[in-house]
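Colleague: I need the structure of the sequence given here:
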Amino acid sequence: MFENRLTRRTALAGLAAASVAPAARAQDLIKASIALLRLSSSGPVFIALEKGWFKDAGVDLTIKDFTAATQVPLAIVSGDADFGTTAFTAGFYNLAAKGGLKVIAAQSAERPGFQLNVIAVTKAAWDAGVRSIKDLAGKRVAMTTAGSSMHYSIEMLARKFGVDAKTITMVPLQSLPNMAAAFKGGQVDAASFPITTYRQVEAEAGGHIIAYVGDEEPWQLGAVFTSPKTITERRPLVEKFITGYRRGAAAYSEAFGKRDNGKLVPGPNYDEMIGILSIALKQPPALVAAGLPFVDPEGRLDVGDIYKQVAFWQSSGQVAKDADPKSFIDLSFVQGHFNVPK
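Modeller: Model (predicted):
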């Protein structure tokens, strides 16, 4: 089990060391862009931008917003953005296996105590006796798309609790608003929701959480990535970007990385950091705080888990059999990654 946070002393030491580097002059900044979704999992980027840490590292970074995880890697492959950060999907792995993407650092992860994504059932399903993952056999469960992180979460938990996933009718509804509408309207029995979305749905139509994904099955949810061409032709840019990103990740972890029995224990820079995210996400601080994922303070990946994900999608026929994670994970920009296969 990985540590869920960096100690305050270590995090502050890393920030202090980074802060002594002289800020790059405006004329020396390298322009770059990052594709992302405006979610709390992108928090290190928002924090580093607001604090000027990308510019300190020599990068004039701009954000390109997208609304679905599948769109972000496509922006990198097409050249519309230099960097991307979002959740892993089967589609991501197919693009990466074809040489379009390189994973260079960690984004968010599911970890115990971090209430990020949940499996929830409708009030009607609950009243009918659907009280656990084991009860989902024969039921309709909403998700965004086949091959998504939500799909993966449902499949993982089904396997853990001995449920044949083929007995679950997974309903791809393309977007969170569509899922919420189907849940509230009773067109599905359950859904894989971000906790912040679920809380809004619960307030309007009721429902019950039957599993917190991170508590049941920790996994590497997302990553930071770029194109192989960018690494080959603009490596100094990638190094500078990672310097800024890791400062953002350390500050994020310092503010939000501690949990006590599943409850967030605010760090010393909590108010400032939650304010930055509240503005970036256009959500009230309380709602942002309800769905803050684990982010490794140094950007380290659970590499072995990525191999596990690829193998799963290959077994279900959604990722090519010849996809090799070793070919699209670059471990050279961040040191100390976890579970690196020999």
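
Colleague: what about the host helix or strand of L157, distance to the chain center?
Modeller: Assigning secondary structure by DSSP states H and E places L157 in helix 149-160. Its chain's C-alpha centre and that of helix 149-160 lie 16 Å apart, by Cα atoms, centre = their mean, to the nearest Å.

Colleague: From the contact counts, what lies against the next helix or strand after that helix?
Modeller: Once helix 149-160 ends, the next helix or strand along the chain (criterion: DSSP H and E) is strand 169-172. For strand 169-172, the elements it packs on are strand 140-143, helix 149-160, judged by 3 or more Cβ pairs under 8 Å, 6 or more residues apart in numbering; DSSP states H and E. Every residue, glycine included, has its C-beta placed from N, CA and C.

Colleague: Now do strand 169-172: distance to the chain's middle.
Modeller: 22 Å.

Colleague: returning to that earlier point: out of the helices and strands packed on strand 169-172, which gets nearest to N94?
Modeller: Relative to N94, the nearest member of the helices and strands packed on strand 169-172 by Cβ to Cβ is helix 149-160, separated by 14.3 Å.

Colleague: so what does the closest one touch, helix or strand wise?
Modeller: The helices and strands touching helix 149-160, judged by 3+ Cβ pairs under 8 Å, 6+ apart, are strand 117-121, strand 140-143, strand 169-172, strand 190-194, helix 213-216, helix 303-315.

Colleague: ok, and what's touching the second one?
Modeller: Contacts with strand 140-143, where a contact means Cβ atoms under 8 Å, 6 or more residues apart in numbering, come from 119, 150-151, 154, 168-173, 179, 182-183, 187-192.

Colleague: Could you turn the buried ones of these into a ChimeraX selection?
Modeller: Typed into ChimeraX, the line below selects the buried ones among the contacts of strand 140-143, using 16 or more other Cβ atoms under 10 Å:
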select :119,150,151,154,168,170,171,173,179,182,183,188,189,190,191,192
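
Colleague: quick one on the thing from earlier: mind checking the helices and strands packed on helix 149-160 for the one nearest to K258?
Modeller: Once the helices and strands packed on helix 149-160 are compared by Cβ to Cβ, helix 213-216 is nearest, at 15.0 Å.

Colleague: pLDDT of that closest one, averaged?
Modeller: Averaging pLDDT along helix 213-216 yields 96.

Colleague: how far is that helix from where the chain is centred?
Modeller: Distance of helix 213-216 from the chain centroid (Cα atoms, centre = their mean) equals 14 Å.

Colleague: Repeat that for stretch 294-305.
Modeller: For stretch 294-305, the distance to the chain centre is 11 Å (Cα atoms, centre = their mean).

Colleague: Repeat that for stretch 276-291.
Modeller: Worked out by Cα atoms, centre = their mean, stretch 276-291 lies 16 Å from the chain centre.

Colleague: cool, stretch 76-86 as well?
Modeller: Using Cα atoms, centre = their mean, the offset of stretch 76-86 from its chain centre is 16 Å.
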